[in-house]
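[1] One predicted model, sequence on top.
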Amino acid sequence: MAFVREIPLPLVEKFLEIVAEKVEQSLLPQSQVAFVKLIKLTLMVRHFLLDSNRLLSNIDFIRLKIDGKRYRSEEFFLQAQTRLIHEESRLGVIASKRLGNAVTRNRLKRIIREIFRRNKHDFECSVDMIVIPRKGSLKVSFAFLEARFLSAVRQILSQT
């Protein structure tokens, strides 16, 4: 099961497309069709960030606050820095009480993590980033927030 969680999402989507074509063409026996459905259910559980994609230590947060490039918008404040070690990109989210109650803060953190999870494979290099959502992020759509986040990351990556 741990192996399945390590597969990059674009590769999984391509695999599912190929399997769907084979099922439609009836090239797979019925026993394999059931197995494929089980794989699909297993892969649907994959909507979370692994610990390797999260900033966890206080030292990393401090390093980013001191050395990271900054981007400020009405929706969020982003601090990011490319990683010298070419591993996976990592994200840290800081949501202060100024945003609202715990439900609001956790909702914004989930949205930002989801944007990162969907797009982490599109970054040119490994990046550590801290996102601090602002009140403006409560008023905009998911698609707008995602577009703004990606443009901010591209802008910061072009500065380094």
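    Noted; the coordinates are in hand.
[2] My read is that residue 137 contacts residue 77, right?
    No: in this structure, residue 137 is not within contact of residue 77 by Cβ atoms under 8 Å, at 10.3 Å. Any C-beta I mention is one placed from the backbone N, CA and C, and that applies to glycine too.
[3] So for residue 22, what's the pLDDT?
    Confidence at residue 22, expressed as pLDDT, is 70.
[4] what's the distance between it and residue 137?
    42 Å (Cβ to Cβ, to the nearest Å).
[5] Please identify which of those two sits among more neighbours.
    residue 137 (23 against 14; other Cβ atoms under 10 Å).
[6] Tell me how far the more buried one lies from residue 73.
    Residue 137 is 9 Å from residue 73, by Cβ to Cβ.
[7] Show me which positions of stretch 85-95 end up buried.
    Neighbour-count burial for stretch 85-95 flags 89, 90, 91, 92, 93, 95 (criterion: 16 or more other Cβ atoms under 10 Å).
[8] Nearest residue to the residue nearest to the spatial centre of the chain in space, ignoring adjacent ones along the chain?
    What sits nearest the mean C-alpha location of the chain, by Cα atoms, centre = their mean, is residue 117, with 1.7 Å. Spatial nearest neighbour of residue 117, chain neighbours left out: residue 49 (5.7 Å); criterion: Cβ to Cβ, 6 or more residues apart in numbering.
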